[in-house]
Structures are given as C-alpha cells and as structure tokens.
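A.B. asks: Quick one, fold the following:
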Amino acid sequence: MEGSGDHDALMAALMANRQLLEAKVAINNAILTANDVATSQPGDFFVVGECDGQKTIDGEQVPLVLTPAREVEAGDTGYEALVAALQAEREWLEGKVVANSAVLLRGFGVRDAAELDAVVEALGWPDIRYVGPAPRTHVHGRVWTANEGPLEQSVYFHHEMVLIKEFPGKVIVFCEVPPPEGGETPFVPSFRVTERALEEFPDMVEELDVKGLRYTFTAPSNNNTGSMRGRGWEDAFATSDKTEAEKRAKALGMDLEWLPDGGVKTILGPRPLTRVFPGRKGRKMWFNTVVGMHGKELSSATAADGSEIPASFVQRCEEIIEEESIQFRWRKGDILILDNLATLHGRRPSLPPRRVLVATCK
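C.D. replies: Residues are numbered from 1 along each chain as shown. A predicted model of the protein is given here:
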C-alpha cells in the first residue's frame, strides 16, 4: 500500500539519521581523546553525548551535546569542576558553539542562578544588557529570568535583540525547574530559513534585502506580565524621564512616539532581512523578526519604504521556520549555549512549574 511505503521510507530516513548521529558522536569523542597528553585536554573532562530531537546539519551535530567524562555524584558540586574546565578551554568551547551553532551542557550538576552565574563568568564573554519587550526579572549577577509571560502561550522564533544596534553574540539558557509537559526552547539554524525562502521566493527576498525593513512596536508605561510583550518602556530604558528615554532609544537605533495613555510607539528601521557574519561559512542568516511582528495588534513589519509585505510570504516563512526547528526536553541543570548570530529561538507552551534562566553575552 502507498501509505505503508511512505511509513517505511520515513522510518528508513529516521534510522539513517540516527546512525549518522551515532557515528558523529563516536568521531567527536575520538577527536576529544586522541591528542591527550600530559597537560589537560577537553577530552579529559567532556565527552560527546546525544539528546532527543538532535539533527545533523552539514555534517555537524546540532546541538552538540557535551557531558562529563565522569558521572557527577548526588550532592557533588559538579559546577565547580565545570567552571574550571571552561576557564581552561574557553577558546575550544567557543569554536564548538560557532561550528555547531548550539552546545548543550548536560549532567554537570549546576543547580541555581548563582552557580549558573559562575559558569557564565568562566566563559569569559562580556555581558550585554537585555533590551526588548519581554518581561524579565534580575536574579543574580548576570542571570535573568526568561520571558515571564503566560506559560500557556508560545514565544515566536527570533534572534535575541535582533532590532537593536548592538545584539548578543551568545545566549545562555539554563533549566532550573523543568516543566512536566511542554516548555521546550526550540531553535532554528537561521541560514536554512534563508536558503528555503530563496528557493521559493527569490524575488521577494532580493527586494526586501535591497529595501530593508521597518518595524513598529507599542509598549506600555509599566510592566504587564500578562503579556508576552508586556515590558514597560520605563523598565526597558531604565528611566521614567521621557527625554532621557528618547536619548537612550536614539543610541539603540530607534525613534519614539509618545501615546496619550502614557505608552510609547517605537519605530525602527531600516533593518536588514538577512546578514552574513564572519566565521560562519559565508552563510546568509535570516536576521529579522518579520514573522514575529508582521500584522500583530501591537507591532508591524513593512518594507523600509512603507510598502506592505504579502501575508502569504510571511505565513510561508513561519512554516519554514517551524519545519526547520530543533527541540529537546529540558532536564534540570541543562545549559544551552546558542550562537545568537546563527540561530533563532523561541518557547513552546508549558504546564507549570517551569523556571528557565538566561544570560546574554557579547
């Protein structure tokens, strides 16, 4: 039967992908340990693992899963050993983040925001303050809560702070309390979206690349945690003075329009549709938030000259992003390091409780 054939073909493809992943794990572990000498090597502390949802893209595991070479015992302060290893192997790990677009550190016994902050500091990447619409709370050091909007809602895929002149190079996401159901943090290799959009809409992609994009977003005066985009402008700009807010907005590359209710409309543009960053194989990244802001109640996305972007194009791009997404079930203590120049990320709806923390780095 035709349906049976389709099923057999799908199962064969899944098995082939799993065999490729298993082979890649073995190769990576061999590379980690092959050159061990008297001095410490990455293979002394890290071994390559697997996780559900993992994919092989251009020969690389995404995400690359790194686990401890020895099991962390219950009650062991495993994070201290992780901190020491990261301090010793900063350059090596950063190379893995860039090569694989995402690295998942799993099984190292990191328990809370204070221990995560020590891990973040060990990586040596400078801090960058979050600027954006998501309601968040400072927890410890460089660590903040992730979007505090209602758990039953999803967060659309985006590059962190994509609309701001200075955006993070890395986003570090930590699971302190894994949810009983849902709540994954899916991510997407950004270049794959551009490749597929170019295949289906070459003229539209070229037009928007040339014209650029213009966005608007309306923010309230004070925070509203009942909304995924409920961060107030006073919190976002760290001031209640409108003149100072305008000055800070201008430095970030945005203009402000004050509204009668005390809120503000932010205007940003022109911004690119795609970008190419050094060290990432010349890949053209889908470095925009058209899908997340086009035609929404509080936001808009148009070409920079004010012309409309067809809704059918936006809808298909959203479908492509979803089709290319990668996700795994959170485990307590997981640390996901995303190359923010190469991946979009989001959030799935979740049952409570869920506590995920974030640090953003240059």
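A.B. asks: When you work out contacts or count neighbours from here on, use the C-alpha atoms and nothing else.
C.D. replies: Noted.
A.B. asks: Please, where are all the helices along this structure?
C.D. replies: For the chain, the helices defined by DSSP state H cover 2-34, 42-45, 78-88, 90-100, 113-123, 190-200, 202-211, 233-236, 242-252, 290-293, 311-323.
A.B. asks: Excluding chain neighbours, what is closest to residue 188?
C.D. replies: Leaving aside its chain neighbours, residue 188 sits nearest to residue 325 (4.6 Å; criterion: Cα to Cα, 6 or more residues apart in numbering).
A.B. asks: Quick one: neighbours of the one you found, just the number.
C.D. replies: By other Cα atoms under 10 Å, 23 other residues sit near residue 325.
A.B. asks: again with the one 5 residues further on
C.D. replies: Applying the criterion other Cα under 10 Å, we find 24 residues in the vicinity of residue 330.
A.B. asks: That one reaches residue 173, doesn't it?
C.D. replies: No: proximity of residue 330 to residue 173 does not meet the contact threshold set by Cα atoms under 8 Å, at 10.6 Å.
A.B. asks: which residues touch the residue nearest to residue 188?
C.D. replies: Contact analysis of residue 325 by Cα atoms under 8 Å, 6 or more residues apart in numbering lists 186-189.
A.B. asks: Mind checking the helices of the chain for the one nearest to residue 153?
C.D. replies: For residue 153, the closest of those is helix 290-293, at 13.6 Å, according to Cα to Cα.
A.B. asks: what would the helices of the chain look like in JSON lines with mean pLDDT and distance to residue 51?
C.D. replies: What follows is the helices of the chain, written out as JSON lines (pLDDT from 0 to 100; distance: least, Cα to Cα, whole Å):
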{"stretch": "helix 2-34", "mean pLDDT": "52", "distance to residue 51": "10"}
{"stretch": "helix 42-45", "mean pLDDT": "82", "distance to residue 51": "19"}
{"stretch": "helix 78-88", "mean pLDDT": "92", "distance to residue 51": "20"}
{"stretch": "helix 90-100", "mean pLDDT": "97", "distance to residue 51": "14"}
{"stretch": "helix 113-123", "mean pLDDT": "98", "distance to residue 51": "21"}
{"stretch": "helix 190-200", "mean pLDDT": "98", "distance to residue 51": "21"}
{"stretch": "helix 202-211", "mean pLDDT": "98", "distance to residue 51": "34"}
{"stretch": "helix 233-236", "mean pLDDT": "88", "distance to residue 51": "36"}
{"stretch": "helix 242-252", "mean pLDDT": "94", "distance to residue 51": "38"}
{"stretch": "helix 290-293", "mean pLDDT": "97", "distance to residue 51": "28"}
{"stretch": "helix 311-323", "mean pLDDT": "98", "distance to residue 51": "19"}
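A.B. asks: how about these, which one is nearest residue 278?
C.D. replies: Minimum separation from residue 278 across these (Cα to Cα) falls at helix 90-100, 10.3 Å.
A.B. asks: which other residues reach that closest one?
C.D. replies: 42, 60-64, 86, 102-103, 122-124, 279-280, 337-339.
A.B. asks: now those residues: which count as buried?
C.D. replies: Taking 16 or more other Cα atoms under 10 Å as the criterion, what is buried in the contacts of helix 90-100 is 42, 60-64, 86, 102-103, 122-123, 280, 337-339.
A.B. asks: pLDDT weak spots in the stretch 151-300 of the chain?
C.D. replies: Applying pLDDT under 70 to the stretch 151-300 of the chain flags the ranges 225-229.
A.B. asks: Strands of that one, start to end?
C.D. replies: In the stretch 151-300 of the chain, the strands defined using DSSP state E, counting those that start in this stretch lie at 155-158, 170-177, 187-189, 213-219, 254-258, 264-271, 275-276, 284-285, 299-303.
A.B. asks: And the pLDDT for the residue nearest to residue 188?
C.D. replies: As predicted, residue 325 sits at a pLDDT of 98.
A.B. asks: Could you check stretch 191-203 and say which residues are buried?
C.D. replies: Of all the residues in stretch 191-203, those buried under the rule 16+ other Cα under 10 Å are 191-194, 197.
A.B. asks: Over to stretch 354-362?
C.D. replies: Residues of stretch 354-362 classed as buried by neighbour count (16+ other Cα under 10 Å): 354-361.
A.B. asks: State the mean pLDDT of that stretch.
C.D. replies: Here the average pLDDT along stretch 354-362 is 98.
A.B. asks: That one: how far from the chain's middle?
C.D. replies: 10 Å (Cα atoms, centre = their mean, to the nearest Å).
A.B. asks: before we move on, back to that, need the helices of the chain in a markdown table (columns: distance to residue 222).
C.D. replies: What follows is the helices of the chain, written out as a markdown table (distance: least, Cα to Cα, whole Å):
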| stretch | distance to residue 222 |
| --- | --- |
| helix 2-34 | 47 |
| helix 42-45 | 46 |
| helix 78-88 | 37 |
| helix 90-100 | 36 |
| helix 113-123 | 26 |
| helix 190-200 | 33 |
| helix 202-211 | 34 |
| helix 233-236 | 6 |
| helix 242-252 | 13 |
| helix 290-293 | 21 |
| helix 311-323 | 30 |
